[in-house]
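[1] Take a look and give me a structure for this.
(one chain, ligands or ions: 1)
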Amino acid sequence: MDLYACMTPNTLKVMFMLGELDLDFELKRVRVYRGEHFAEGFENLHPYRKLPVLVDPQGPQGTPFTVFESGAILVYLAEKTGKLLGDGPAERSTVMQWLMLQMSSVGPSFGNASHFTAASGQGEHYSRKRFVTQAARLCAVYDERLRAERYLAGDFFSIADLATFPWLWRHPGMVGIDTSQFAGLNRWLREVEQRPGLARVQPRYKALVDADRQDLAEVDPDLMDRIMGRGDWWLAD
Ligand SMILES: N[C@@H](CCC(=O)N[C@@H](CS)C(=O)NCC(=O)O)C(=O)O
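    Residues are numbered from 1 along each chain as shown. Take a look at the predicted model:
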């Protein structure tokens, strides 16, 4: 399988999943800070030009099949292998509920909290406070759940845990949320961190982060505006 990727927790989710399944994959680095995802043709991989994207050469019809959106990639791989999705309608629905909460709330809240904390450079007080508050509320929600249950969907590890871990691992600290009182969340983080699937892919993910950070250090300001959707790229003016 080919995984088109850049440094983001959304890529780590998929790498972690592939590691858990012990599946071989080729990491196709897309240099976002060189604008490679804006090149002609990339829209065939992802219509909104985002990462990650998975291409399975042996798709459902025996031909190559492309999947975008990290949550959809996790579901695709879980269905393909019959793993990490739970057994029966109740378990499966519980997995999907926690997966959807990650996709709709954890990713966007932490993404925006990080943006307004470190990346925007505009000092938006209101925006930063709003998203850090939402991210902190989510930490409390996950802590409560993980005090009651071993994993997000119950007593079994699933794609809901895989999707959520990369966002709750380092991002709370990065945006200044004190997680020391979240015993349930911290217990789960320490446990998931030990999974062999993560160890299998971590060196490759770290190399990806190092390479992207180098690109980021010398990114063209206009390209950065395009990625962020601002400056000359504002559509709202
Ligand atoms: N909901 C999407 C989020 C994808 C996303 O925002 N990816 C970023 C991570 S680097 C990206 O491609 N950014 C490049 C851009 O926005 O131009 C997912 O989970 O796959």
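[2] mind listing what Arg172 touches?
    No Arg there; residue 172 is Pro. Residues near Pro172 by CB atoms under 8 Å, 6 or more residues apart in numbering: Phe110, Ala135, Ala136, Cys139, Thr179. C-beta: built from backbone N, CA, C; applies to glycine.
[3] so of these, which ones are in helices?
    Among the contacts of Pro172, DSSP state H puts Phe110, Ala135, Ala136, Cys139 in helices.
[4] Break the protein down into its structural domains.
    2-83+197-233, 88-194 (automatic domain parsing).
[5] Mind putting those into TSV with distance to the ligand and mean pLDDT?
    Below are those laid out as TSV (distance: least, CB to the nearest ligand atom, whole Å; pLDDT from 0 to 100):
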stretch	distance to the ligand	mean pLDDT
domain 2-83+197-233	4	97
domain 88-194	6	95
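[6] The spatially closest residue to Arg213 that is not a sequence neighbour: neighbouring residues, count only.
    Among residues not flanking Arg213 along the chain, Met7 sits closest, at 7.2 Å (CB to CB, 6 or more residues apart in numbering). Neighbour count of Met7, defined by other CB atoms under 10 Å: 22.
[7] Doesn't Met7 lie inside a helix?
    No: counting by DSSP: H, G, I helix; E, B strand; the rest coil, Met7 is located in no helix; its state is coil.
[8] Hmm, Lys206 and it touching each other?
    No: using CB atoms under 8 Å, Met7 is not in contact with Lys206; the gap is 9.5 Å.
[9] Tell me how many other residues surround Leu216.
    For Leu216, using other CB under 10 Å, the count is 13.
[10] what does Val67 give?
    21.
[11] likewise the one 5 residues further on?
    Applying other CB under 10 Å, we find 13 residues neighbouring Ala72.
[12] sorry, back to before: what residues are up against the residue nearest to Arg213?
    Listed by CB under 8 Å, 6+ apart, the contact set of Met7 reads Tyr205, Leu208, Val209, Asp212, Arg213.
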